[in-house]
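Engineer: sequence? don't have it. structure:
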């Protein structure tokens, strides 16, 4: 079965600083999904990457997919308190987009 | 917002009792999913459906059953709840993404927090 490892597990950054979260898969990636979750709430879809080298942005959040390395990175520029939460990556390892495997998440805190 | 609602949002039940959670969608998407979220395990797929009366097992299906008699509703049943089933349960749907014929995006409901005492 496919496994996803996220790093770091938790992160505390000062407001205005940049940060990167990584998601590495044990198997080939057919699609990589990024979500954000606030404590006690549902998952908010951020973006999906399908092709190697693909890069997408959502407001100040940019994600890239490195297919050869079976890895994706999520980069936040000039972090704000509103960016705080848990970031989850999910992988489509079958190519059918029918079942996703998720990492355990990265908890981000943004201090003033 | 993908028009997904879950009910109830919170439930406390006793060990051995049956429990049914409901997921309702308003956009007639074919694929629907049930996940559970636990600390240290992330999200794990329980069951999913690819159409009315068409369902399949996920990674952690033991102790759970599902039914889908209408496109808009996907029910998750715990036949005899156990304390290990205390969790947050999320329903999700897949809908076509913006690009590519095989591009699908999964959207999640608000979750149901279930406590089995």
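Structural biologist: Right, received. Where do you want to start? Only a predicted model underlies this, so the values are computations on that prediction, with no experimental measurement involved.
Engineer: C-alpha from now on. contacts and neighbour counts both.
Structural biologist: Will do.
Engineer: Need the pLDDT of residue A:30.
Structural biologist: Among the per-residue scores, residue A:30 holds a pLDDT of 79.
Engineer: Provide a list of residues in contact with it.
Structural biologist: A:50, A:51, A:91, A:92, A:93, A:94, A:95 (C-alpha atoms under 8 Å, 6 or more residues apart in numbering or on different chains).
Engineer: For residue B:106, name its beta-bridge partners.
Structural biologist: Counting by DSSP bridges, residue B:106 is bridged to residue B:94.
Engineer: tell me the centre residue of chain B?
Structural biologist: In chain B, the C-alpha nearest the mean C-alpha coordinate belongs to residue B:34, at 2.3 Å (C-alpha atoms, centre = their mean).
Engineer: Could I get the pLDDT score of that one?
Structural biologist: You'll see residue B:34 listed with a pLDDT of 97.
Engineer: could you pull out the strands for chain A?
Structural biologist: Along chain A, the segments classed as strands by DSSP state E run A:4-7, A:10-14, A:19-25, A:31-37, A:43-49, A:55-58, A:61-66, A:71-76, A:85-92, A:100-102, A:106-111.
Engineer: which SS state does residue B:69 fall under?
Structural biologist: Under the three-state scheme (DSSP: H, G, I helix; E, B strand; the rest coil), residue B:69 adopts strand.
Engineer: Can you tell me what sits against stretch B:43-61?
Structural biologist: Residues outside stretch B:43-61 that contact it (C-alpha under 8 Å, 6+ apart): A:99-104, B:30-37, B:64-71, B:74.
Engineer: Of those, just the buried ones, ChimeraX syntax please.
Structural biologist: In ChimeraX, this line selects whichever of these come out buried by 16 or more other C-alpha atoms under 10 Å in any protein chain shown:
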select /A:99,100,101,102,103,104 /B:31,32,33,34,35,36,37,64,65,66,67,68,71,74
